[in-house]
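# structure for this input, please:
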Amino acid sequence: MSEEAVLSANQTLLNAITQGDYEIYKQLVSSDATCFEDESAGHLVEGLEFHKFYFDLDGPPTGEPSPNKAHMAAKPHVRMLGENAAVCSYVRVNQKVGGDGVPVTTTALETRVWECKEGSW
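Predicted coordinates for the structure are as follows:
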């Protein structure tokens, strides 16, 4: 498996977030995933329920990119850990239109560990 395949899987994940598609998100993220998020105020979050809350805020997925938000990985770096594992780190750039109609851009540092199972990341 290649760095390009990891980056493609990572972008698919970001697209699922942008589109509010929790079904795709949970196919790509382990059910026992752990993370530290800005929203968790420095506390370790385990599992997917924390993330599902944010998907549910937007209502059902449309399958289309939202015209009012975007998520992208800037300066991604992939480190392969053998053939079936990789670490992908990047600056996540989040763009959205605020309630007042003004565009807002925020960034977050993200690191994801990817595992290839049965040929899929």
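
# tell me the buried residues in the host helix or strand of Val78?
Using DSSP states H and E, the element containing Val78 is strand 69-80. For strand 69-80, burial by neighbour count (16 or more other Cβ atoms under 10 Å) applies to Lys69, Ala70, His71, Ala73, Pro76, Val78. Any C-beta I mention is one placed from the backbone N, CA and C, and that applies to glycine too.

# same thing with stretch 90-107?
Across stretch 90-107, burial judged by 16+ other Cβ under 10 Å covers Tyr90, Arg92, Val93, Asn94, Lys96.

# and if you look at stretch 45-59?
Leu48, His51, Phe55.

# where in this structure is pLDDT low?
1, 59-66 (pLDDT under 70).

# cutoff 90 now
1, 17-20, 37-40, 42, 54-55, 57-71, 98-99 (pLDDT under 90).

# where along it do the strands fall?
Counting by DSSP state E, the segments of the chain that form strands are 34-36, 44-46, 69-80, 85-97, 103-115.

# okay, buried residues for stretch 5-23 please.
Within stretch 5-23, judged by 16+ other Cβ under 10 Å, the buried ones are 5-7, 9-10, 13-22.
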